[in-house]
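Asks: need coordinates for the below:
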Amino acid sequence: QVQLVESGGGSVQAGGSLTLSCAVSKYTGCTYAMSWYRQPPGKSREFVSRIDVPDRRTYADSVKGRFTIFQDGAKNTVSLQMNRLQSEDTAMYYCRADRTAGILSRCGSNFWGLGTQVTVSS
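Replies: Have a look, this model is predicted:
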């Protein structure tokens with residue numbers, strides 16, 4: 001129903017920037033709110049940011065002012081621009097899709113990608 005493929009992770013020094021991308025494959029007629037989550041080493045998965053129509057964006061307090069979520073409808077991608085990275089941002093980052101419109105049996109409910117690793121060294 002939905003395939004999510006993350007890319008753009010890597011290693012960066014504190015203060016640096018990275019942009020993560022999530023390529024979305026979905027059926028026509030299905031609409032999803034897109035989110036980024038992360039799971040730091042030894043910790044639970046946590047919310048980072050979400051974007052849904054019409055371009056409403058929310059952020060975790062820990063990333064406000066540093067991260068920006070945006071989507072390219074033409075390319076079916078959702079990206080996360082991460083600036084002023086800190087060691088605390090080190091985590092596996094996951095893309096998530098939550099159905100907001102469309103038939104449940106066709107569109108499914110929610111989906112996760114496999115993740116991309118971000119490592120920030122101080």
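Asks: for the record, mean pLDDT for stretch 35-53?
Replies: Stretch 35-53 comes out with an average pLDDT of 96.
Asks: how long is it end to end?
Replies: 12 Å (Cα to Cα, to the nearest Å).
Asks: and that stretch, how far from the chain's centre?
Replies: 7 Å (Cα atoms, centre = their mean, to the nearest Å).
Asks: how about stretch 48-59?
Replies: With Cα atoms, centre = their mean as the basis, the mean position of stretch 48-59 lies at 10 Å from the chain mean.
Asks: cool, and stretch 9-18?
Replies: 16 Å.
Asks: cool, and stretch 102-115?
Replies: Counting by Cα atoms, centre = their mean, stretch 102-115 is centred 15 Å from the centre of its parent chain.
Asks: also stretch 54-66?
Replies: 11 Å.
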